[in-house]
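> Turn this into a structure:
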Amino acid sequence: MVNETEKVLSAFAQMYFFKELVQDQLQFTEDGSTEKEVADLLLNLGDIIVAIQLKARSDADKTEDQEKEIKWLNHKCKDAKKQVKDSIMHIRTGNLPAFENERGQYISIDPDANIIPLVIFMNEDIGDKYDHVLRKHSEDGMDINCLSFQDFQTICKELLTPIEIVEYLRWRLSFYQNNGNVNISIFMGDDDSVLFTKPASGEALVHQFLAEQYGIKHAKEMEPYVAPFQWMLHNLPERVVAESIDNSSYPMILFFSHFDRTEIKAFEERISRALESAKRGEYTIVGSLRNTLRKYVIFFVSTHDGLTLPMDYLDELAQKGEAEFDKLIQVFLYWENNEEYRIDYVFRDSSNQYLK
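Okay, the predicted model is just below:
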């Protein structure tokens, strides 16, 4: 069963990771044994899984003594580390059932996924006086990110996209492993910008991460493109015609959840171009987006009356680029009137192996 604090975490995660990616009903029974659980919540991006253990301090048990509250957290963190190790072990076996996501779909867990463990605690009285990385104490142990729920909220609000949040958790762990608990960090960008952060205060490291990834100026410039992209993903289930055995929006959500803000900016710019073309009554392919590492090609088409181009024709065009791809998407827009336009998608994915 999911308790109230887990419901709060799940609801918040759905705002940034989308319902398709959130799994919080993770109980299972193995070979007739007692019931077990795979973490408190999984953020499942298919090839990447954030496995979260949540620890909450009840109001009735709280004290005004911060040392006692930190002692409580340290005790709970030991339990959380063992639970995380058990969760990883369960996932690696490949014997888990498909678990329901918040969209009501049953999604299998990839046993070969890159697993990022995370401990989140709910106890605002501790503030930032906690170990931001739980260190391993044996050769078979592991270092694990630890966050207050408040700091986790900060991360999600600043980083905006699922893959950036994932990449930040990797980067954050490496930062603390390499630097320890530093009080002040100074970052100097290629554009002569200088950024001062207090890493342990309010999860200020997110700003240094963004500066390293994009540059301070460019990171801000790309922010306005993210909101319409998120709106698109939240409304995607009603928009997708998926050429797959399941005819589901899930593969598209999974695909787009890996977009960083550079890809999002390029995507939104082409959407705008296609819309303007459709508004002028010019029906054509207005652009494409290709990523050779992630093996996808997206064509942006301005059209009318919901007409689409044959996917086989687009497949031929994509093959002329010579780079390999296994995902082909047609994004088509058509203008209805001065107050309304439509955007739809046709998606062809050759894998879909984790959707049951």
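> Show me the strands in the stretch 151-300 of the chain, by range?
185-188, 194-197, 240-242, 285-291, 296-303 (DSSP state E, counting those that start in this stretch).
> now residue 180: how far from residue 237?
45 Å (C-beta to C-beta, to the nearest Å). Backbone N, C-alpha and C define where each C-beta goes, glycine included.
> the more surrounded of these two?
Between residue 180 and residue 237, counting by other C-beta atoms under 10 Å, residue 237 is the more crowded of the two (17 against 8).
> Okay, now the unreliable bits of the stretch 1-150 of the chain?
Where the stretch 1-150 of the chain drops to pLDDT under 70, the residues are 1-4, 32.
> packing partners for whichever strand or helix holds residue 75?
Element membership of residue 75, judged by DSSP states H and E, is helix 66-93. Judged by 3 or more C-beta pairs under 8 Å, 6 or more residues apart in numbering; DSSP states H and E, helix 66-93 is in contact with strand 35-37, strand 48-56, strand 114-122, strand 133-134, strand 144-148.
> Helices along this protein, start to end?
Under the criterion DSSP state H, the chain contains helices at 4-17, 66-93, 149-159, 162-179, 205-214, 216-222, 226-234, 250-256, 261-279, 311-319.
> Name the stretch among those helices that sits most buried.
Comparing these by mean neighbour count (mean count of other C-beta atoms under 10 Å), helix 250-256 ranks first with a mean of 23.
> how far is it from where the chain is centred?
A distance of 11 Å separates the centroid of the chain from that of helix 250-256, by C-alpha atoms, centre = their mean, to the nearest Å.
> got the CA positions of it in PDB?
The C-alpha trace of helix 250-256 is given here as PDB (Å, rounded to 0.1, in the frame of the first residue of the first chain):
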ATOM      1  CA  TYR A 250       3.800   5.100 -24.000                       C
ATOM      2  CA  PRO A 251       6.700   4.700 -26.500                       C
ATOM      3  CA  MET A 252       6.400   8.400 -27.400                       C
ATOM      4  CA  ILE A 253       6.400   9.600 -23.800                       C
ATOM      5  CA  LEU A 254       9.400   7.300 -23.200                       C
ATOM      6  CA  PHE A 255      11.200   8.800 -26.300                       C
ATOM      7  CA  PHE A 256      10.500  12.400 -25.500                       C
END
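> Against which helices or strands is it packed?
Going by 3+ C-beta pairs under 8 Å, 6+ apart, helix 250-256 lies up against helix 226-234, strand 240-242, strand 327-337, strand 340-349.
> Which one of these lies nearest to residue 269?
helix 226-234 (11.3 Å; C-beta to C-beta).
> Contacts for that closest one next, please.
Counting by C-beta atoms under 8 Å, 6 or more residues apart in numbering, helix 226-234 makes contact with 18, 160-161, 239, 253, 256-257, 259, 261, 264, 267-268, 343, all of which sit outside it.
> Could you pull up the mean pLDDT of that helix?
On average, the pLDDT along helix 226-234 is 83.
> just the angle between it and strand 340-349, please?
Between helix 226-234 and strand 340-349, the angle comes out at 60 degrees (axes from the mean of the first three to the mean of the last three C-alpha atoms, to 10 degrees).
> what angle do helix 226-234 and helix 261-279 make?
80 degrees.
> Relative to the whole chain's centre, how far out is helix 226-234?
13 Å.
> would you list the strands of the stretch 151-300 of the chain in TSV and tack on mean pLDDT?
Shown next, in TSV, are the strands of the stretch 151-300 of the chain (pLDDT from 0 to 100):
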stretch	mean pLDDT
strand 185-188	73
strand 194-197	75
strand 240-242	58
strand 285-291	94
strand 296-303	95
